[in-house]
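**Student:** I'll drop the sequence and a predicted model, then ask my questions.
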Amino acid sequence: MAKQRSRIADSVWTLFTETIRFIVVPIVLIDLVRTNWPQLSTAFLGNIVEYTLAFGGLIVAASTLEVMNRPGTFKRMFFGLTSLAFLCLWLFVVFGGGIASFSYYPYFVRFDMTKIVYIMLIGLALRGLLVVRVYSDNKHLITDAKEKKPAAKKPVTRRTASPAFGSMSRVAYEVTGDEGVGSAVKPRPPLAPGEDTGACPVCGAPIGPKDAMCGSCGAWL
């Protein structure tokens, strides 16, 4: 989190400083030159303010995006090289391609600084090697950080244990007549002399002396 905040702060600072360097100060200087030396003429002087705003804005945007990304990432190298390309175009436009003329009747002076401008552009282009070097030197740090990143943990599926007998309800269980089949029952009481029927020892229904099963509850006798 601290590194993320640091990159955001650096990006804001880069946005501010690059705006001053490539937009505000150049436009102020161009206005002073055009006001004090109206006889000066270059190839792009007619629309130089628009060109300065356009290329200066692209430089500021590319430089800010470069600082937002970590060293060693492809995005940082891409935006770094892009900002250098826009800077070369900005420099070429500001200096009018290296050729300027100054006329003061009846005198006319022509300045040819193309060689100086080209040398400056070559120097800026060589700075691109530094951007590539920073990328190659820090690329392994990004790769190592990705390898050390812990893999996402798989959700653990918990098996529901079968309920133990001890957790079951201990409510009294009443055995019905049907479930008492084959179980030990009270012996049938002997019939008194002269009685033709008796009572089922389970449900109390009348039964015959030779019945082996109660006709009411099904209990074996």
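**Tutor:** It's in.
**Student:** would you list every one of the helices in the chain?
**Tutor:** Ranges of helices in the chain, per DSSP state H, are 2-19, 25-36, 48-68, 74-94, 114-148.
**Student:** who touches the third one?
**Tutor:** If you take C-beta atoms under 8 Å, 6 or more residues apart in numbering as the criterion, helix 48-68 is touched by 7-8, 10-11, 14-15, 18-19, 22-23, 26-27, 30, 42, 44, 75-76, 79-80, 82-83, 86-87, 89-90, 93-94, 96. In short, each C-beta sits where N, CA and C put it, glycine included.
**Student:** Enumerate the positions of it that are buried.
**Tutor:** By 16 or more other C-beta atoms under 10 Å, the buried positions in helix 48-68 come out as 48, 51-52, 55-68.
**Student:** try the first one
**Tutor:** Neighbour-count burial for helix 2-19, with 16+ other C-beta under 10 Å as criterion, is recorded at S11, T14, L15, E18, T19.
**Student:** and if you look at stretch 208-217?
**Tutor:** Applying 16+ other C-beta under 10 Å to stretch 208-217 flags C214, C217 as buried.
**Student:** quick one: average pLDDT of that stretch?
**Tutor:** Taken as a whole, stretch 208-217 carries a mean pLDDT of 73.
**Student:** Stretch 57-65 now?
**Tutor:** Rounded mean pLDDT across stretch 57-65 is 95.
**Student:** Show me what the helix or strand bottoming out on mean pLDDT in the chain is packed against.
**Tutor:** Using mean pLDDT, DSSP states H and E, the weakest-scoring helix or strand in the chain turns out to be strand 198-199, at a mean of 73. Judged by 3 or more C-beta pairs under 8 Å, 6 or more residues apart in numbering; DSSP states H and E, strand 198-199 is in contact with strand 206-207.
**Student:** Tell me the strands beside the strand it packs on, with direction?
**Tutor:** Strand 206-207 sits in its sheet next to strand 198-199 (antiparallel), going by DSSP bridges.
**Student:** can you give me how far the strand it pairs with is from the chain middle?
**Tutor:** The chain centroid and the centroid of strand 198-199 are separated by 86 Å, computed with C-alpha atoms, centre = their mean, to the nearest Å.
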